[in-house]
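K.L.:
Test case, fold it:
(chains A and B)
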Amino acid sequence: MRMKIENGHVLDPGHIDGLRDIWILDGRIEAVTEPGAYMEKADEILDAEGLFVTPGLIDMHVHLREPGQEYKETIESGCRAAVRGGFTAVCCMPNTRPVNDNAGITSWIVQQAEKAGLARVYPVAAITGGLGGQQLNEYADLKGAGAIALSDDGMPVLDGQTMRRAMEYAQAFDLFIISHCEDLSLVAGGVMNEGTVATRLGLGGIPNISEYLMVEREIGLAELTGSRVHIAHVSTRESVRAIRHAKARGVQVTAETAPHYFTLTEEAVGDYDTLAKMNPPLRSEADRQAIIEGLQDGTLDCIATDHAPHASMEKEVPFDEAPNGIIGLETSLGLSLKLVHDGFLSLADLIRLMSKNPARILGMNNDLLPGAPADLTLMDIKASWEVAPASFASLSRNTPFGGWQLTGQAVATIVGGRLVYKV
Amino acid sequence: MYFSRKDILDIASLSVEEITHILDTAQGMKEISLRPVKKVPTLRGKTLILFFHEASTRTKTSFDIAGKRLSADVIALAKSGSSMAKGESLLDTVKTLEAMQPDVVVMRHGTSGAARFIAGHLKCGVINAGDGRHAHPTQALLDMMTIREKKGRIAGLKVAIIGDIAHSRVARSNMEGLVKMGAEVRVAGPPTMIPKGIESYGVKAFFSVDRALEDADVVMMLRMQKERMNNVLFSTEREYAREFGLNEKRLSMAHSDAVVLHPGPMNRGVEISDAVADGPRSAILDQVENGVALRMALFYLLAGGVRNADED
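P.N.:
Sure thing, here's the model as predicted:
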């Protein structure tokens, strides 16, 4: 089976930037050629005129809710949302029910994802048993079953010694830690960013220090142990500064932020809108600006969504009682392209943030070269569209971006040479 | 050779010549244990005090038997039942012991450096029977004796030390001794058990046991310290056994003539499988046997005379 993607503007930052034809044979890239330069017969032809063709987007941080909360999302529905958003691969966090802290669940997730046959799914397994922050899990087993990294996402590992040992122990199995940085003693029951909006609304505030204090700890532990650590969902200017300094002195730290942290501020909570409730919370304008700067100068390596599906009934409650999180797979590219349209980033920068860097962090190479797996995203960066949650592939609708007008979206997604999504 | 040391506190302070002399002397002592009457009058009238501040069965018994086979008077003290249990300081206890005119004091203590501390205050000889995470010189010497017996030499051998290196005084003393005697030493275990700066011992460190075992002539397993299980150093015993334990399959990575050592007590099924512990390559009981001879040699060298026993 040979596929040809013709007339597209191929953009593989650092390698290719121009009109090319891409030939795919049996799931792998066969050739990337000047238009019309390779005269084989294709079984399937995809006309990409006016489109950008890029290495597949990768979302390092999603919640697929299965096993345990299939009413919010399943692996299949989450993967459908992913490919609709242009993602060819996602990393799913372990805070399922039961928690993905053993090889049985990890391999079950891998099997379910294979059955769905849409995006690639790389399970992130728990650092500690039941996300309890105490007993290290069997990393050798988890790695063998397909775990790509370790995280107690949703819960911080509060005990410094446990985190130190986790970082060290993970080295033996060539795994790395993704850290959810949150000092719960400083969160102290807060539900949104600490500041004037929280004061006005009479809601408990979460100060920036609850995040960056733990970011500093993880940097220190990575330095101490010589381990690699990835900081999840960075939201504060102090965290950006800490990561920037750490990178400058050679600490092996990488970091991600999410589209909502460079798009929204605490003002979005407005009149107790639970769709703007997330953890870490939406911060101040100064934080938002610092996040954008962090993306510009490479301090923040990638954009991940923290896709967190919740049922409508769960969000339709008083603000204090609502669960944290919003979905993001189907709006991520559109919101991130806004940074390109507004002149903050080049398109090549954005592809680095959404595809190349996640691949590098995960230990993969997604260069568009002959022999590589054919994972590709085709995007129309000029198409204007309205965010319509009712039509999402995700089972959940909890997004604060409903009704927003965005410019640019994925129009086709190819995973392993198969067209898994097309507008 | 004239052996002039007052104390045996660690391996680092012994020269290659001294180590060789101790091993040669021990080899001569070994024959005494094989006689129908296992006793010689060499140290008759000498007083040896075994002061074990930390629980021990095998090491204490080994020293006890060693002293008795040389006809010394051996007095054993433990922390419980001694004045230290009543709150007396280590220094005052040492001064009290000194006043009783012993010839050698053997001490085990949970604190690194404790043996050196008492040696500085005692006129008699001191043998360190294990202090904290620091040193266990008699164990290392008996291990070297066993290796030399089994392989005919130490220089040039590839020795893999596997397990909780960070907390092991046995590992430290063996690294010092084996490197000094010309062996190539590799250590391996989970990264949580490999301390920073281990390379300063002149050893190579691996997180993969298989890599450390490649072509090894000697495999020395360390005890998984169950009492430290609640501190997070690894996940489960099951995973430890599978990833870092020695079984027959993993042993096949080593040289076909490799010998297996373990300082004991063993956690069977965790760091070592039954089949290996009881298998043809196991020298674990030889270590115990050699332990008595080695300690006889040290008593003899510190309290008795200057000549090798086999020169008598």
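
K.L.:
Which of the helices or strands spans A:Leu11?
P.N.:
strand A:2-12 (DSSP states H and E).

K.L.:
Need the mean per-residue confidence for that strand.
P.N.:
Averaged across strand A:2-12, the pLDDT comes to 96.

K.L.:
Using PDB, write out every CA atom in it.
P.N.:
What follows is strand A:2-12, C-alpha atoms only, in PDB (Å, rounded to 0.1, in the frame of the first residue of the first chain):
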ATOM      1  CA  ARG A   2       1.600   3.200  -1.200                       C
ATOM      2  CA  MET A   3       0.300   6.700  -0.300                       C
ATOM      3  CA  LYS A   4       1.300  10.000  -1.800                       C
ATOM      4  CA  ILE A   5       0.800  13.300  -0.200                       C
ATOM      5  CA  GLU A   6       1.200  15.900  -2.900                       C
ATOM      6  CA  ASN A   7       1.600  19.600  -3.300                       C
ATOM      7  CA  GLY A   8       1.800  20.300   0.400                       C
ATOM      8  CA  HIS A   9       4.200  22.700   2.200                       C
ATOM      9  CA  VAL A  10       6.300  20.200   4.200                       C
ATOM     10  CA  LEU A  11       7.600  21.700   7.400                       C
ATOM     11  CA  ASP A  12      10.000  19.600   9.500                       C
END
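
K.L.:
Tell me the helices and strands packed up against that strand.
P.N.:
strand A:16-25, strand A:44-47, strand A:52-55, helix A:347-351, strand A:376-386 (3 or more Cβ pairs under 8 Å, 6 or more residues apart in numbering or on different chains; DSSP states H and E). Glycine gets a C-beta too; all of them are placed from N, C-alpha and C.

K.L.:
mind running it again at 10 Å?
P.N.:
Under the contact definition 3 or more Cβ pairs under 10 Å, 6 or more residues apart in numbering or on different chains; DSSP states H and E, strand A:2-12 sits against strand A:16-25, strand A:28-33, strand A:44-47, strand A:52-55, helix A:347-351, strand A:376-386, strand A:405-415, strand A:418-422.

K.L.:
who's in contact with B:Lys180?
P.N.:
Counting by Cβ atoms under 10 Å, 6 or more residues apart in numbering or on different chains, B:Lys180 touches B:Ile11, B:Ala12, B:Leu14, B:Ser15, B:Val16, B:Ile19, B:Met144, B:Ile154, B:Gly202.

K.L.:
what's the offset of the strand holding A:Leu11 from the middle of its chain?
P.N.:
The chain centroid and the centroid of strand A:2-12 are separated by 25 Å under Cα atoms, centre = their mean, to the nearest Å.

K.L.:
partners of that strand in the sheet?
P.N.:
Strand A:2-12 pairs in its sheet with strand A:16-25 (antiparallel), strand A:44-47 (parallel), strand A:52-55 (parallel), by DSSP bridges.

K.L.:
Nearest to B:Ser256, out of the ones you listed?
P.N.:
Nearest of these to B:Ser256, taken as Cβ to Cβ: strand A:16-25 at 47.3 Å.

K.L.:
Mind listing what's buried along the closest one?
P.N.:
Across strand A:16-25, burial judged by 16 or more other Cβ atoms under 10 Å in any protein chain shown covers A:Ile16, A:Arg20, A:Asp21, A:Ile22, A:Trp23, A:Ile24, A:Leu25.

K.L.:
hmm, back to that, by how many degrees do the strand holding A:Leu11 and strand A:418-422 diverge?
P.N.:
In terms of direction (axes from the mean of the first three to the mean of the last three Cα atoms, to 10 degrees), strand A:2-12 departs from strand A:418-422 by 60 degrees.

K.L.:
now the helices for the chain?
P.N.:
Looking at chain A here, since you left the chain open. Per DSSP state H, chain A carries helices over the ranges A:75-84, A:103-116, A:139-145, A:160-171, A:184-187, A:196-201, A:209-225, A:237-248, A:259-263, A:285-296, A:312-315, A:332-341, A:347-351, A:357-361.

K.L.:
if you could check chain B rather than the one you did, that'd help
P.N.:
Ranges of helices in chain B, per DSSP H, are B:16-30, B:58-69, B:90-99, B:114-119, B:137-151, B:169-180, B:209-213, B:237-244, B:248-251, B:274-277, B:284-299.

K.L.:
I'd like these written out as CSV, with mean pLDDT added.
P.N.:
As requested, the helices of chain B are arranged in CSV below (pLDDT from 0 to 100):
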stretch, mean pLDDT
helix B:16-30, 97
helix B:58-69, 96
helix B:90-99, 87
helix B:114-119, 92
helix B:137-151, 98
helix B:169-180, 97
helix B:209-213, 97
helix B:237-244, 94
helix B:248-251, 96
helix B:274-277, 97
helix B:284-299, 97
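
K.L.:
Now do the same contact list for A:Cys92.
P.N.:
Residues counted as contacts of A:Cys92 (Cβ under 10 Å, 6+ apart) are A:59, A:61-66, A:73, A:75, A:78-79, A:82, A:100, A:109, A:113, A:121-124, A:148, A:153, A:307.

K.L.:
Now it. Nearest residue, chain neighbours left out?
P.N.:
Once flanking residues are discounted, A:Cys92 sits nearest to A:Leu64: 4.4 Å by Cβ to Cβ, 6 or more residues apart in numbering or on different chains.

K.L.:
okay but the one you found is in contact with A:Arg80, surely?
P.N.:
No. The criterion here is Cβ atoms under 10 Å, and A:Leu64 misses it with A:Arg80 at 11.0 Å.

K.L.:
what is in contact with the two at once?
P.N.:
With contacts taken as Cβ under 10 Å, 6+ apart, A:Leu64 and A:Arg80 have A:Glu73, A:Thr74 as neighbours in common.

K.L.:
what about these two, which has more around it?
P.N.:
A:Leu64 (29 against 23; other Cβ atoms under 10 Å in any protein chain shown).

K.L.:
Identify the residues contacting the more buried one.
P.N.:
A:70, A:72-79, A:81-82, A:90-93, A:96, A:109, A:112-113, A:121, A:123, A:307, A:309.

K.L.:
which among those end up buried?
P.N.:
Taking 16+ other Cβ under 10 Å as the criterion, what is buried in these is A:72-79, A:81-82, A:90-93, A:96, A:109, A:112-113, A:121, A:123, A:307, A:309.

K.L.:
Quick check: pLDDT value at the residue of the stretch 51-200 of chain B found nearest chain A.
P.N.:
Going by Cβ to the nearest Cβ, chain A is nearest to B:Pro191 of the stretch 51-200 of chain B, at 4.1 Å. As predicted, B:Pro191 sits at a pLDDT of 94.

K.L.:
who's in contact with it?
P.N.:
The contact partners of B:Pro191, by Cβ under 10 Å, 6+ apart, come to A:165, A:167-173, A:225-227, B:166, B:205, B:207, B:233-234.

K.L.:
Just the buried residues from those residues, in PyMOL please.
P.N.:
In PyMOL, this line selects whichever of these come out buried by 16+ other Cβ under 10 Å:
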select buried, (chain A and resi 165+167+168+169+170+171+172+173+225+227) or (chain B and resi 166+205+207+233+234)
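
K.L.:
wait, which of the contacts of B:Pro191 is closest to B:Asp278?
P.N.:
Nearest member of those to B:Asp278, counting by Cβ to Cβ, is B:Phe234, at 25.1 Å.

K.L.:
Before we move on, what's the pLDDT of that closest one?
P.N.:
Predicted confidence (pLDDT) for B:Phe234: 90.

K.L.:
Distance check, it against chain A.
P.N.:
Separation of B:Phe234 from chain A (Cβ to the nearest Cβ, to the nearest Å): 6 Å.

K.L.:
how about that residue, phi and psi?
P.N.:
Dihedral pair for B:Phe234: phi -170, psi 180, per degrees, to the nearest 10.

K.L.:
contacting residues around the closest residue in space to B:Ala66 that isn't next to it in sequence?
P.N.:
Spatial nearest neighbour of B:Ala66, chain neighbours left out: B:Arg295 (3.6 Å); criterion: Cβ to Cβ, 6+ apart. Counting by Cβ under 10 Å, 6+ apart, B:Arg295 makes contact with B:8, B:26, B:29, B:59, B:62-67, B:69-70, B:106, B:127, B:129, B:138, B:141-142.
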